[in-house]
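> dropping the sequence and predicted coords here.
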Amino acid sequence: GAGVSQTPSNKVTEKGKYVELRCDPISGHTALYWYRQSLGQGPEFLIYFQGTGAADDSGLPNDRFFAVRPEGSVSTLKIQRTERGDSAVYLCASSLGPPNEQFFGPGTRLTVL
Amino acid sequence: QQQVKQSPQSLIVQKGGISIINCAYENTAFDYFPWYQQFPGKGPALLIAIRPDVSEKKEGRFTISFNKSAKQFSLHIMDSQPGDSATYFCAASRQGGTYKYIFGTGTRLKVLA
């Protein structure tokens, strides 16, 4: 079946702009995670959804970052007033729910000029 | 306490050789330790995972060795092949939480033909 998909695959924006990154999890997966991977680093946790609710948003770096999952499937990560330091690959993962394996999407490469 | 330290940063191995990557953690509450493989432009993919109730787990050419008292675990790739050339990440998570992964910084493996 289809894996986790993320759109767009690449996003270039200017400093100060607003961006939305989309994640389509594997069908039936109730858990959804967002991670951020900077160049040469391991992924860093941002936020976890169980169903529609954000069960853990402790990894969001500041209030410019926000994520939603209104129907318990697709999720959108929203970044306001982007900064150059936000440039990274944003990864989405889904699972049947803890403690099952997390399946990662290919990521969205965000570049803030 | 949330860190996972990974070494080496990069590794070059001859075809047919053994690749060994090491990780160490501090938080004794961690109880799930997966290894992920990542190719350029792709999301991480689960290779093998272990829980602390066993000291070793083998799947094909991949083996995890786990030392609970030392809080260390390692990945061994036997008969390394050029197709194994990728970046490898160890991770850790804890039961009862959200199972968010704490990743190591990654090891870039190159297997020479």
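That came in fine, so what should we check first?
> show me what residue 22 is bridged to.
Since no chain was named, I'll use chain A. residue A:7, residue A:76 (DSSP bridges).
> was after chain B, sorry
Beta-bridge partners of residue B:22, as defined by DSSP bridges: residue B:7, residue B:74.
> give me the low-pLDDT residue ranges for chain A?
Across chain A, the ranges flagged by pLDDT under 70 are A:1.
> ok, 90 please
Counting by pLDDT under 90, chain A shows low-confidence ranges at A:1-2, A:40, A:55, A:72, A:96-101.
> need the strands for it, in chain order.
All strands of chain A, identified by DSSP state E, fall at A:5-7, A:10-13, A:19-24, A:31-37, A:44-50, A:53-56, A:65-68, A:75-79, A:88-95, A:103-104, A:108-112.
> out of these, which gets nearest to residue B:110?
strand A:31-37 (20.1 Å; Cβ to Cβ). (C-beta placed from N, C-alpha, C; glycine too.)
> can you put the strands of chain A in JSON lines and add mean neighbour count?
Below are the strands of chain A laid out as JSON lines (neighbours: other Cβ atoms under 10 Å in any protein chain shown):
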{"stretch": "strand A:5-7", "mean neighbour count": "17"}
{"stretch": "strand A:10-13", "mean neighbour count": "14"}
{"stretch": "strand A:19-24", "mean neighbour count": "19"}
{"stretch": "strand A:31-37", "mean neighbour count": "24"}
{"stretch": "strand A:44-50", "mean neighbour count": "21"}
{"stretch": "strand A:53-56", "mean neighbour count": "14"}
{"stretch": "strand A:65-68", "mean neighbour count": "17"}
{"stretch": "strand A:75-79", "mean neighbour count": "20"}
{"stretch": "strand A:88-95", "mean neighbour count": "24"}
{"stretch": "strand A:103-104", "mean neighbour count": "22"}
{"stretch": "strand A:108-112", "mean neighbour count": "19"}
